[in-house]
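**Q** Need coordinates for the below:
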Amino acid sequence: MEEVRARELVGAGKLHEAEQLCRQLLSHKSRNDNVLSMLGVIAFRTGRLTEAVEYFSKAAAIDPRNEQHALDLATTLQQSGRADEATAAYRKALSEFPTSANIINDAANGLMALGHFREAAETYRRALGSGRPEIHNNLGNALQRDRRFAEAIESYRNAIRIKPDYFEPHFNLANALSETGEFAQAIQILNRTLELRPDLPEAYLLLGIIFGNLNDDAKAADAFRQALRLRPAFAQAELELAKVLLRNDRLDDAIAALNRCAALDPNLNELFIYLGHALRERGDHLEAFKWNQRARVSDDSLTASTFLFALNYEDSIDAKAVLKYHRDWAARFAAPLAAEIKPLEIDRSPSRRLRIGYVSPTFRDHPVGRFMQPLLANHNRESFEIHCFNDLRKPDRFTASLRAQADVWMDTGSLTDAALADVIRDKKIDILVDLAMHSPNSRMLTFARRPAPVQVTYLAYAGTTGVPTMDYRLTDPYLDPSPDNDGAYSEKTWRLPRTYWCYSAPPEAPEVSAAPVERVGYVTFGCLSNFSKVTEPTLAAWAQILRATPGSHLIMHTPAGEHRKKLLARFAAEGIDADRIRFIARGPAETYFATYRDIDICFDTAGYGGGTTTLDSLWMGVPVVTLAGSRAIGRGGVSILSNLQLQDLIATDAGAYVAIARQLAEDRVRLVDLRKCLRSRMVASPLMDARGFTKDLEAAMRQMWELAAAGVSC
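**A** Residues are numbered from 1 along each chain as shown. So this is what the prediction gives:
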């Protein structure tokens, strides 16, 4: 009777009384497994997990045939953070109770929570014969976490067939369909989910994400707001709403949503990424970097990688410190994967046809996609077989043109890093080229598994990965002029002989116009680079140039928002009237190129210099003044202008930057002449020699392969 009374006290939540009674019972009979189990439950509920483990261990030792004791022990070990012991306890329970549906389901749940997704899925399969729909649903969850989406979809459909009004597999099915790009089906299933559970904010969250993937931001925002109406303290919905607002250049509203998200969940990984990005977009570099520094210590590799990408904007950090940060990241996330590196079957014939694999999340209308198009079109197919591993989830018209240039195209966005590495090994890729580095959605952890004998990084930006399995980084003699600085990179630096860039004429670009100074009578400066690259020293130099050039105007690219007023006030303090400053927001490519018709001279940004925008400006006949940076990331203008024999537009310090811009503005004859000849000058330069560039790159790849075939380590 006393034992029954103790159980009633536990059930009523009177844990102190229950514990006293249990201890009295143990004083009479120390090997009472039921009382020990109750003490374990009491210790668990009061946060004394170490004690709880001891009690459940003793109870299980007294009655090893009691299923509940086995599960309680494994669950408590899991909650205590003792992952290896918990995994062993779940496996032991499964071996001792191989036919128990409860043990199988609960142990599989525990294994999945511990990250053993494949083992969890196989465990759930053992209980499918019970006919319980939740087993099918849970199996689907394990398969989805293992990114085996087709099998997951089948499992969810099985659960729905058994129990048609079971909302959870409906919601999970929609999630899996969304992951595979089956957006129309996912919306249908979500609508059914909301019929079953109209108060489910997660369903509206997923609906918004799907509409975002379908480029319907109005419906996406409505769905996120509905999720917030149902659950006002829904941090993820605030974050997703902020993403939509950012995409539509509603910067102030986006930052407000991100701040609400931060108040609800300041440790949400993606918050670090997007708040840092948004703050930098309005020029608040110091605060942005603080958020990026929080991302650095994240346990998520992609979030932590965001900090490395943010270093591009911090020109106060020297190259040695940048390398150290990258190596620290690699030690945390890449080095532990060395055990997953598998032997490769390599045909070492030095002159055979090589398989080249390009890996990118930006095979679209994006600088990377545009630079890759002429390269893919000019590869020598007799010597090279071209594979593109496309991580892009939202293809555009540009994607189709890139796909047509590949020998083999694979959509890989749904694959894990490990699964992608397996695919690349199976394809027997000889040289694998990364096109993302640490920009969003990179595949550094695929490269860390070394699925190809030669691995190269190129094009995303001129930096380093820090990953020891990345063999080479491509650059040119102007981005990296001195071999003395090669130690700033974890990879071996390989200089292409002429240029890093392979530019092609943008179809949206109109004919070059007459110099606007001839039309309006004053010089117009401009910078259409992303405003996040514009730092305080850069603004100071621009103000100095405007003061030194009476009547001149400045066109700047920046989203709408309160920061525009601050910029005007900042220029006003330097004696520059507001009517001399014009802002433009992001728009269609046609609008972007048309803006160059109103600009006489473009400013390059310092620190993180321009690449695509510099080339676009020159293509439109607008000369660019650049300041040579101390790191390669700040020397894009140096490389481009040197290939056009325009070294006189390259400054080596801030004073020279101001002087060059002022002198060029005063030389109306030269401005007009440059306007007329820059486009033809570009066409005749290495910058647009797609065939020659591709031959240079292929020669580099062939030499890399010959070294690898000869067993020469880089």
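
**Q** Strands along the stretch 101-250 of the chain, start to end?
**A** Counting by DSSP state E, counting those that start in this stretch, the stretch 101-250 of the chain has no strands at all.

**Q** what's the answer for the chain, then?
**A** Secondary structure of the chain by DSSP state E: the strands cover 354-360, 384-390, 408-411, 431-434, 454-457, 472-475, 492-495, 524-527, 553-557, 581-584, 601-603, 624-627, 650-651.

**Q** residues touching the residue most central in space within the chain, list them.
**A** For the chain, the residue nearest the mean C-alpha position is Pro440 (2.4 Å; C-alpha atoms, centre = their mean). With contacts defined as C-beta atoms under 8 Å, 6 or more residues apart in numbering, Pro440 is in contact with Ile273, Leu302, Thr306, Phe309, Pro361. In this view, the C-beta of every residue, glycine as well, is placed from N, C-alpha and C.

**Q** what's the closest of the residues you listed to His285?
**A** In terms of C-beta to C-beta, no member of the contacts of Pro440 lies closer to His285 than Phe309, at 14.1 Å.

**Q** neighbours around the closest residue in space to that closest one that isn't next to it in sequence, how many?
**A** In space, not counting the residues next to it along the chain, Phe309 is nearest to His438; the distance is 4.6 Å by C-beta to C-beta, 6 or more residues apart in numbering. Taking other C-beta atoms under 10 Å as the criterion, the count of residues near His438 is 27.

**Q** Mind pulling the model confidence for His438?
**A** In the predicted model, His438 carries a pLDDT score of 97.

**Q** What values do phi and psi take at it?
**A** Dihedral pair for His438: phi -110, psi 20, per degrees, to the nearest 10.

**Q** hmm, back to that, export the strands of the chain as JSON lines, with columns for mean neighbour count.
**A** Conversion of the strands of the chain to JSON lines gives the following (neighbours: other C-beta atoms under 10 Å):
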{"stretch": "strand 354-360", "mean neighbour count": "24"}
{"stretch": "strand 384-390", "mean neighbour count": "22"}
{"stretch": "strand 408-411", "mean neighbour count": "16"}
{"stretch": "strand 431-434", "mean neighbour count": "25"}
{"stretch": "strand 454-457", "mean neighbour count": "26"}
{"stretch": "strand 472-475", "mean neighbour count": "22"}
{"stretch": "strand 492-495", "mean neighbour count": "18"}
{"stretch": "strand 524-527", "mean neighbour count": "24"}
{"stretch": "strand 553-557", "mean neighbour count": "20"}
{"stretch": "strand 581-584", "mean neighbour count": "17"}
{"stretch": "strand 601-603", "mean neighbour count": "27"}
{"stretch": "strand 624-627", "mean neighbour count": "27"}
{"stretch": "strand 650-651", "mean neighbour count": "22"}
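
**Q** Let me have the ones you listed in a markdown table, extended by mean pLDDT and distance to Ala74.
**A** A markdown table is the format used below for those (pLDDT from 0 to 100; distance: least, C-beta to C-beta, whole Å):
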| stretch | mean pLDDT | distance to Ala74 |
| --- | --- | --- |
| strand 354-360 | 98 | 40 |
| strand 384-390 | 98 | 39 |
| strand 408-411 | 97 | 39 |
| strand 431-434 | 98 | 41 |
| strand 454-457 | 98 | 41 |
| strand 472-475 | 98 | 47 |
| strand 492-495 | 98 | 49 |
| strand 524-527 | 98 | 60 |
| strand 553-557 | 97 | 57 |
| strand 581-584 | 97 | 60 |
| strand 601-603 | 98 | 63 |
| strand 624-627 | 98 | 62 |
| strand 650-651 | 98 | 66 |
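
**Q** For Ser298, which of these is the nearest?
**A** Using C-beta to C-beta, the strands of the chain put strand 431-434 closest to Ser298, at 21.3 Å.

**Q** Please name the strands paired to that closest one in the sheet, noting orientation.
**A** Using DSSP bridges, the neighbouring strands of strand 431-434 in the sheet come out as strand 354-360 (parallel), strand 454-457 (parallel).

**Q** Contacts for that strand next, please.
**A** Contact partners of strand 431-434, identified using C-beta under 8 Å, 6+ apart, comprise 354-359, 424, 442-444, 447, 451-458, 460, 465, 470, 701, 704-705.

**Q** Quickly note the distance from the residue nearest to the centre of the chain to Leu308.
**A** For Pro440, the distance to Leu308 (C-beta to C-beta, to the nearest Å) stands at 12 Å.

**Q** Ala227 now?
**A** 32 Å.

**Q** pLDDT at Pro537, what is it?
**A** At Pro537 the predicted local distance difference test score is 94.

**Q** I meant Asn105, not that one.
**A** What the model reports as pLDDT for Asn105 is 85.

**Q** burial measure for it, as a count.
**A** Residues within reach of Asn105, counting by other C-beta under 10 Å, total 20.

**Q** Who are the contact partners of it?
**A** Asn105 is in contact with Tyr124, Ala127, Arg132, Glu134, Ile135, Asn138, counting by C-beta under 8 Å, 6+ apart.

**Q** So the fifth one versus Pro169, what's the distance?
**A** Just to be clear, that refers to Ile135. Remark: distance between Ile135 and Pro169 (C-beta to C-beta) = 11 Å.

**Q** So which of these two has more stuff around it?
**A** Taking neighbours as other C-beta under 10 Å, Ile135 and Pro169 compare with Pro169 leading, 28 against 24.

**Q** count of residues packed around the residue nearest to the more buried one when sequence neighbours are not counted?
**A** By the measure of C-beta to C-beta, 6+ apart, the closest residue to Pro169 outside its immediate chain neighbours is Ala159, 3.8 Å from it. Neighbourhood size, Ala159 [other C-beta under 10 Å]: 24.

**Q** I figured Ala159 was touching Gly140, is that so?
**A** Yes: under the contact definition of C-beta atoms under 8 Å, Ala159 touches Gly140, with a separation of 6.9 Å.

**Q** mind giving me the domain ranges of the protein?
**A** The record's domain parsing of the chain by automatic domain parsing lists 2-240, 338-500+692-709, 516-683.
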